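Enquirer: next comes the sequence, and after it the predicted model I'd like to discuss.
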Amino acid sequence: MDPQRFRSEGHALIDWLADEWAARRQRRVCPDIAPGDLTRELPSEFPESPQPGPAIDLAEWLSRGTTWWDHPGFHAWFPANTHPASVLADLVAAGLGGQAMTWHSAPASTELEAHVLNAFRVAIGLSDAWTGIATDTASTGTLTALLLARSRARGRVLASEEAHSSVAKGARLADLPFDLVPADADGAMNVEALGRIAAVGPVSAIVSTIGTTTTTAIDPVAAIVASQPDAWHHVDAALAGNAMLLPECRTLWDGVEGADSIVVNPHKWLGVGFDLSVLFVRDVEAMRAIMATDPSYLRTPFDALVTPRKDLGIPLGRRNRALKLWAVARVEGLAGLRARLRADLHRATRVADHFRARPDWRVLAPARLQTVVARWQPAHLSDAAADRANLAIVAALNRTGRHLLTQVSWRGRPIVRISVGALDTTDDDISVLLDALDDTVAEVSTLR
Ligand SMILES: Cc1ncc(COP(=O)(O)O)c(C=O)c1O
């Protein structure tokens with residue numbers, strides 16, 4: 001591809017993308033297609049000879065097969081939104097290429113990662129005892145933390161029954177036994193139960209979650225750390241860590257300074273496009289002790305001056321993920337980011353108030369962050385009939401194509417879970433959602 005072709009196709013793609021973003025509000029959140037429909041449209045083999053037309057001939061095809069995470073009606077999982085500045089940053093990072101194995105292999109991105117993650121640390125109110133390391137996902141960060149814990153002491157990994165599945169997976173991959181700790185009614189780890197379970201045998205690590213995936217419950221980190229002072233404490237704040245940009249949210253992770261590692265995903269909710277997760281560790285030397293490698297082909301004269309990023313995690317090379325956090329923070333400013341997060345928190349409060357104002361709805365957990373969980377349970381319905389109704393409500397909303405909710409269960413029963421935080425969602429869109437909820441409940445009621 002000659003430079004002129006790159007220029008003209010690149011400019012056209014940027015225009016196309018901007019148009020797609022402008023149009024996504026009118027689209028279905030999630031395409032109405034079946035698995036395999038898309039693949040059937042593709043030639044089965046690579047072309048033998050160079051093809052005419054643009055390099056990205058699949059743009060329209062991809063768009064038809066996209067679930068729009070920044071659609072105004074996206075309320076599934078947790079937000080993983082992508083600010084346009086983040087897209088530009090990824091383009092530049094990819095265009096300049098390079099891999100930050102060592103300072104020498106990528107000076108700017110090595111320095112930027114350390115610099116930007118330090119600024120992020122300050123922005124979310126962590127002390128200077130922490131060093132941030134960019135990874136792809138919280139799953140990788142948690143696995144890395146468990147490997148660190150294992151290097152200190154072998155034993156079980158303990159986490160609440162509401163912890164994300166990545167914790168059990170991390171323990172499995174680290175070859176550590178995993179025990180679940182019961183959660184209280186609102187989904188937070190029960191510290192007394194933790195004490196009983198910890199007493200049964202050696203503990204390698206305890207993982208607390210700030211903002212569990214189903215209900216955004218908050219484990220009491222300070223009490224957990226105090227209860228088991230000898231264990232490695234990892235805090236999974238994948239989503240909620242971003243809320244710590246708001247000083248009023250910081251009480252949610254009281255005690256976090258007593259932990260050994262924390263994972264926060266700027267790719268959740270902050271607008272930094274997937275993927276950028278940050279693993280904060282206190283003991284960089286412990287990380288180097290298990291991650292450092294020293295073959296002659298990676299040695300450089302600068303290694304004593306700048307810690308090679310390859311020694312701070314599992315991968316050798318790493319792409320420049322920090323640039324997109326820098327770009328988003330620059331364009332929005334911390335004030336802009338805080339305003340957006342606060343607006344989402346306010347919208348979630350509106351959703352919770354909507355449920356509370358209707359006697360047949362039960363809000364199941366405090367809406368401390370941007371997610372609300374509720375169950376429609378009129379007094380005259382059996383639990384089983386209410387189960388079917390809650391499934392039907394979510395299915396009906398999703399069928400419209402204007403909304404997308406994740407079908408989840410809480411304590412074994414289907415519920416309605418609404419996560420707020422897509423970039424395009426406005427207050428008016430929340431009104432549309434709440435009206436749609438009322439209409440759907442009215443329809444479901446007539447079915448019984
Ligand atoms: C609390 C929590 N931890 C970890 C994860 C895993 O995130 P990732 O996709 O970055 O591995 C999630 C994903 O939603 C999550 O909700």
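Expert: Good, I have the coordinates. Numbers count the residues shown, from 1 in each chain.
Enquirer: tell me where the stretch 51-200 of the chain has helices.
Expert: 59-64, 84-96, 107-123, 138-152, 165-173, 191-198 (DSSP state H, counting those that start in this stretch).
Enquirer: which of those helices is buried the deepest?
Expert: Most buried of the helices of the stretch 51-200 of the chain, by mean neighbour count (mean count of other Cβ atoms under 10 Å): helix 138-152, with a mean of 24. Glycine gets a C-beta too; all of them are placed from N, C-alpha and C.
Enquirer: elements contacting that helix?
Expert: Judged by 3 or more Cβ pairs under 8 Å, 6 or more residues apart in numbering; DSSP states H and E, the packing partners of helix 138-152 are strand 131-135, helix 165-173, strand 203-209, strand 232-236, strand 261-264, strand 277-281, helix 284-291.
Enquirer: what is the fourth one packed up against?
Expert: Packing partners of strand 232-236 (3+ Cβ pairs under 8 Å, 6+ apart): helix 138-152, strand 203-209, helix 221-227, strand 261-264.
Enquirer: dump the ones you listed to JSON lines, plus mean pLDDT and distance to the ligand.
Expert: Converted to JSON lines, these look like this (pLDDT from 0 to 100; distance: least, Cβ to the nearest ligand atom, whole Å):
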{"stretch": "helix 138-152", "mean pLDDT": "98", "distance to the ligand": "3"}
{"stretch": "strand 203-209", "mean pLDDT": "98", "distance to the ligand": "6"}
{"stretch": "helix 221-227", "mean pLDDT": "98", "distance to the ligand": "14"}
{"stretch": "strand 261-264", "mean pLDDT": "98", "distance to the ligand": "7"}
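Enquirer: and those: which comes nearest Glu20?
Expert: The closest of the helices and strands packed on strand 232-236 to Glu20 is helix 138-152. By Cβ to Cβ, the value is 28.0 Å.
Enquirer: can I get that closest one in CSV, CA atoms only?
Expert: In CSV, the C-alpha atoms belonging to helix 138-152 read as follows (Å, rounded to 0.1, in the frame of the first residue of the first chain):
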residue,chain,number,x,y,z
ALA,A,138,-8.6,-7.3,34.6
SER,A,139,-8.5,-11.1,34.1
THR,A,140,-4.7,-10.8,33.2
GLY,A,141,-4.2,-8.3,36.1
THR,A,142,-5.9,-10.6,38.6
LEU,A,143,-3.9,-13.7,37.4
THR,A,144,-0.7,-11.7,37.7
ALA,A,145,-1.6,-10.7,41.2
LEU,A,146,-2.4,-14.3,42.1
LEU,A,147,1.0,-15.4,40.7
LEU,A,148,2.6,-12.7,43.0
ALA,A,149,0.6,-14.0,45.9
ARG,A,150,1.7,-17.5,45.2
SER,A,151,5.4,-16.4,45.1
ARG,A,152,4.9,-15.2,48.7
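Enquirer: how big is the angle separating that helix from strand 232-236?
Expert: 180 degrees (axes from the mean of the first three to the mean of the last three Cα atoms, to 10 degrees).
Enquirer: just to revisit the earlier point, need the helices and strands packed on helix 138-152 in JSON lines (columns: distance to Pro52).
Expert: Shown next, in JSON lines, are the helices and strands packed on helix 138-152 (distance: least, Cβ to Cβ, whole Å):
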{"stretch": "strand 131-135", "distance to Pro52": "39"}
{"stretch": "helix 165-173", "distance to Pro52": "44"}
{"stretch": "strand 203-209", "distance to Pro52": "52"}
{"stretch": "strand 232-236", "distance to Pro52": "49"}
{"stretch": "strand 261-264", "distance to Pro52": "46"}
{"stretch": "strand 277-281", "distance to Pro52": "40"}
{"stretch": "helix 284-291", "distance to Pro52": "47"}
